[in-house]
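A.B. asks: need a structure here:
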Amino acid sequence: MLGLSVGPAKAASSTIGRTWPIAEPDAMAEIEARVARAPDMASQFGPRSSWSAMKAASLGPAKADRVRTLIPFYTVEEDIRLPDGRTLYPKGFTFNPLDYVSLPQRLVIVHPRDLDWALGKARFTDFILLTGGDAIDLSEKTGRPLFILEERVKERLGLTVAPVIVAQEGKKLVLTEYAPLRTDAANPAGRSARP
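C.D. replies: Model prediction:
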């Protein structure tokens, strides 16, 4: 029997027929060569810290623990029409998007100095939004996707302070603001700050 052996498995190979050398270039070598020839885009855009897309909305620090609710009503700014021209929703129609969709994750919004607190509080599916700093660099350091807080999200949710966790509860959003714990006479145990 050809190629069978008794005992530990052993591999055997043989060549049947004519062979030729591989004619195609190595794909990885081609990719590396193209990358080496590509222009340096970073130099054209300047440092990441100056990119407008990396500017986060700023928030003040929370002064007290507070819970508030928000129904995120939305008002249609122009008529929404069907393909046949009939009006589906007229301009000015107001509705709650949470009647139609759900927010499957929470939003954990923090100052960069509170990132460790957020990493401890956030669930695997939660989005962590930063009020400053370099989200890309911090993502690489923590191994967790991080995002910047956009001005339109800040305005839409009526955010003024951080840290805050935004979660859906039924047809409303619950915003829970967290003030830091202090190490002082009121806190003799010397617990670390929260955040």
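A.B. asks: so Gln44 is in which element?
C.D. replies: Per DSSP states H and E: Gln44 is located in helix 41-45.
A.B. asks: shaky segments in the protein?
C.D. replies: Counting by pLDDT under 70, the chain contains low-confidence ranges at 1-10, 42, 46-53, 181-195.
A.B. asks: now the longest helix seen in the chain: how far from the chain's centre is it?
C.D. replies: Counting by DSSP state H, the longest helix found in the chain is helix 27-37. Centroid displacement of helix 27-37 relative to its chain, using C-alpha atoms, centre = their mean, to the nearest Å, is 30 Å.
A.B. asks: CA atoms only: put that helix into CSV for me.
C.D. replies: Presented in CSV, the C-alpha positions along helix 27-37 are these (Å, rounded to 0.1, in the frame of the first residue of the first chain):
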residue,chain,number,x,y,z
ALA,A,27,0.2,38.9,-3.5
MET,A,28,1.6,40.2,-0.2
ALA,A,29,4.8,41.5,-1.9
GLU,A,30,2.5,43.4,-4.4
ILE,A,31,0.5,45.0,-1.6
GLU,A,32,3.6,46.0,0.3
ALA,A,33,5.1,47.5,-2.9
ARG,A,34,1.9,49.6,-3.6
VAL,A,35,1.8,50.8,0.0
ALA,A,36,5.4,51.9,-0.3
ARG,A,37,4.6,53.9,-3.5
